[in-house]
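> here is my input; please provide its structure:
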Amino acid sequence: MMGMKGKILNAAAVLAAAILIVSTGHAFSDGVVASLDGEKITVATLSDYVSEVAGDKYAPLLNDGEGLRTLADFYINRALLLDYARQTVDREDVMVRNHNARSVDESAMVLTALLKSEVQGRVRVSAEEVEGYMKTKRVASEKVAERELASLRKAELMTALIAKVRMGHDIRYFD
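Predicted structure coming up:
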């Protein structure tokens, strides 16, 4: 038979469990889609991101959970890439100075410089690779094969860069 103290502890445990279930399953309905290192990313934040950065073609993603998660990923990746760019891009880089001369947005400038050095500038495709690609993919044009290989390399480098900047961060998603 359970004593009064046991009943109180039991009731407290049930209440705590109910609060936990309600608070975790309910974050999304409160507008919280994700968090980055404890900072909440809300539907409103993502809506601003679409209108100010991503563009109207991404607005339909605001209408469902899957789309919001995709936008949260884009938002998080951009924020982390921007932080990394601000730490690593040389402000005396010719490209950075040219952007400054044209009064381009600072974040666009450093992101462009980062992607040029970390992705675009690292793509190398040899003649042998082009030839092999042409044979395996049955591509008739060297230029097309080279362009497709370069595009694949850029995607690989971009994926690796995003993985690098996300490492060590606490990223969470809410339904």
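> C-alpha from now on. contacts and neighbour counts both.
Noted.
> distance of the residue most central in space within the chain from Val119?
Of all residues in the chain, the one closest to the mean position by Cα atoms, centre = their mean is Asn77, 2.4 Å from it. Computed with Cα to Cα, to the nearest Å, the distance linking Asn77 and Val119 is 15 Å.
> same deal with Glu156?
Applying Cα to Cα to Glu156 and Val119 gives a distance of 9 Å.
> neighbour-wise, which of the two wins?
Comparing Glu156 with Val119 by other Cα atoms under 10 Å, the one with more neighbours is Val119, at 19 against 13.
> tell me which residues in stretch 46-66 are buried?
Using 16 or more other Cα atoms under 10 Å as the test for burial, stretch 46-66 gives Leu46, Ser47, Tyr49, Val50, Ala54, Tyr58, Ala59, Leu61, Leu62.
> just the ones of those in helices?
Cross-referencing those with the helices (criterion: DSSP state H) gives Leu46, Ser47, Tyr49 as the overlap.
> His169: which of those residues is nearest?
Closest approach to His169 among these (Cα to Cα): Leu46, at 19.3 Å.
> quick one: the closest one and Thr70 touch, right?
No. Applying Cα atoms under 8 Å, one finds Leu46 not in contact with Thr70, separated by 10.2 Å.
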